[in-house]
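S.K.: here is my input, please return the structure:
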Amino acid sequence: MISSSRRWGTLVVACLAVVLLSIDLTVLHLAAPKLVRDMSPSATQFLWIVDVYGFALAGLLVTMGNIGDRIGRRKLLLIGLVAFAGASALTAYAPTPELLIAARALLGVAGATVMPSTLSIIRNVFTSPRERATAVGVWSSVSALGFALGPVVGGVLLDHFWWGSVFLVNVPVAALIVVAGALVLPESRNPNPGRLDLVSVPLSVAGVIAVIYAVKNAAHDGVTAPGVLVAAVVGVVALALFVRRQRRLTAPLIDVRLFHHRAFSGAVGANVVCVFSMLAASLTFAQYFQLVLGWSPLASGLASLPGGLGAAA
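M.R.: All right, here's what the predicted structure looks like:
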């Protein structure tokens, strides 16, 4: 039986880890003007610099969650945080747009090991339904708050340092979380995880990434652009095959029958809409405040804070 103090200590560590990932989703938005001025990426390269972190993160969440069930969620979380710190340092000092894109992709891969591990650990530690509901609510609020803190943290750093500082700050924070996690977090794993289906993994990754790619590029190239249409078809077909396969497996990567429950589907749908809206607004307003209104990075970051606080509440 895990003591009450260790349970809530686990929640603190898990929240610190997820807020680090959330901040990294939006912190680049304020750094974009300085980054473009210093590195001069093409429009396509800039799009990938902004988006590749989210692509890798979203595409690997389901797979990494299953790996954590097998090797241990605490172990995967700590490994992921170490990798996140290393990728953050590479991102901060990337000399070219191509290397920056590659470093951001590694950052997303590392982030994908952290996010599902935090929620799995919380669910395993908090066995009381009432405490578990409170813990998951706190985790969700902190995650939303991280979207708002990203521009503020970025604004403080960018007022004094170069654009890479918004990534370099991750290194000491991740190191602190690793030390705290090693001391506080209990280890857990699925005692009977079943066989990892090697067909489901690429279907999951390809489906999610292809659909996201199609949505993102449709705004730039048009819905009828060949690349957009191909990506959309590949994504929809891969996800359809993925869902069909999960319904037939005895140990699926994700139990798709959960989506038959209206409470579950409604919560997931609401989160999709909220995160989509918050990230889009964050990127748009960060550019508008700095490039159109001429505000400093810190003033621009503070202007975005009320929306994030509302989302956290």
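S.K.: please identify the helix or strand for P95.
M.R.: Assigned by DSSP states H and E, P95 belongs to no helix or strand.
S.K.: tell me the confidence at it?
M.R.: As predicted, P95 sits at a pLDDT of 90.
S.K.: how about the backbone phi and psi for it?
M.R.: For P95, the backbone dihedrals are phi -90, psi -20 (criterion: degrees, to the nearest 10).
S.K.: any idea how many residues pack against it?
M.R.: Other residues within reach of P95 by the criterion other Cβ atoms under 10 Å amount to 8. C-beta here means a position set from N, CA and C on the backbone, and glycine is covered the same way.
S.K.: quick check: the gap between it and F161.
M.R.: Computed as Cβ to Cβ, to the nearest Å, the P95 to F161 distance reads 17 Å.
S.K.: next: L61.
M.R.: To F161, L61 is 31 Å away according to Cβ to Cβ.
S.K.: out of these two, which sits in the busier spot?
M.R.: Between L61 and F161, counted using other Cβ under 10 Å, L61 has the larger neighbour count: 19 against 13.
S.K.: isn't that one up against P116?
M.R.: Yes - assessed by Cβ atoms under 8 Å, L61 is found in contact with P116 at 5.6 Å.
S.K.: what about the closest residue to A206 other than its chain neighbours, which helix or strand?
M.R.: The spatially closest residue to A206, leaving aside those adjacent along the chain, is A238, at 4.5 Å (Cβ to Cβ, 6 or more residues apart in numbering). When secondary structure is defined by DSSP H and E, A238 falls within helix 226-248.
S.K.: tell me the secondary structure for G9?
M.R.: State at G9, reduced to three classes by DSSP: H, G, I helix; E, B strand; the rest coil: helix.
S.K.: that older thread, and the next helix or strand past the helix holding A238?
M.R.: helix 262-287.
S.K.: that next one packs against which elements?
M.R.: Helix 262-287 is packed against helix 4-39, helix 129-158, helix 297-303, helix 305-312, with contacts defined by 3 or more Cβ pairs under 8 Å, 6 or more residues apart in numbering; DSSP states H and E.
S.K.: ranking these by mean pLDDT, which is last?
M.R.: For those, the weakest mean pLDDT is recorded on helix 305-312, namely a mean of 78.
S.K.: quick one: distance of the helix holding A238 to the chain centre.
M.R.: Going by Cα atoms, centre = their mean, to the nearest Å, the spacing between the C-alpha centre of helix 226-248 and its chain's C-alpha centre is 22 Å.
S.K.: and it, which residues are buried?
M.R.: When neighbours are counted by 16 or more other Cβ atoms under 10 Å, the buried residues of helix 226-248 are found to be V228, A231, A232, V234, G235, A238, L239, F242, R245, Q246.
S.K.: got the residues you listed as CSV, with pLDDT and distance to A303 columns?
M.R.: Written out in CSV, the entries for those read as follows (pLDDT from 0 to 100; distance: Cβ to Cβ, whole Å):
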residue, pLDDT, distance to A303
V228, 89, 33
A231, 92, 34
A232, 92, 35
V234, 93, 39
G235, 93, 35
A238, 93, 40
L239, 92, 37
F242, 91, 40
R245, 91, 46
Q246, 89, 43
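S.K.: the closest residue to F55 other than its chain neighbours: neighbouring residues, count only.
M.R.: Leaving aside its sequence neighbours, F55 sits nearest to I209 (Cβ to Cβ, 6+ apart; 5.4 Å). I209 has 21 neighbouring residues, counting by other Cβ under 10 Å.
S.K.: list the residues that contact I209.
M.R.: Under the criterion of Cβ atoms under 8 Å, 6 or more residues apart in numbering, the contact list for I209 reads F55, A58, G59, G235.
S.K.: doesn't V208 make contact with the third one?
M.R.: Translated: G59. Yes - counting by Cβ under 8 Å, G59 touches V208, with 4.7 Å between them.
S.K.: could you check the distance from the closest residue to V275 other than its chain neighbours over to H29?
M.R.: When the adjacent residues along the chain are set aside, V275 lies closest to F147, with 7.8 Å between them (Cβ to Cβ, 6+ apart). F147 sits 10 Å away from H29, going by Cβ to Cβ.
S.K.: list the residues that contact both of the two?
M.R.: When contacts are counted by Cβ under 8 Å, 6+ apart, F147 and H29 are jointly contacted by S282.
S.K.: need the pLDDT of L119.
M.R.: Predicted confidence (pLDDT) for L119: 87.
S.K.: against R37, how distant is it?
M.R.: Note on L119: its distance to R37, by Cβ to Cβ, is 38 Å.
S.K.: so for those two, which residue has more residues nearby?
M.R.: The neighbour count for L119 versus R37, taken as other Cβ under 10 Å, is higher for L119 (18 against 9).
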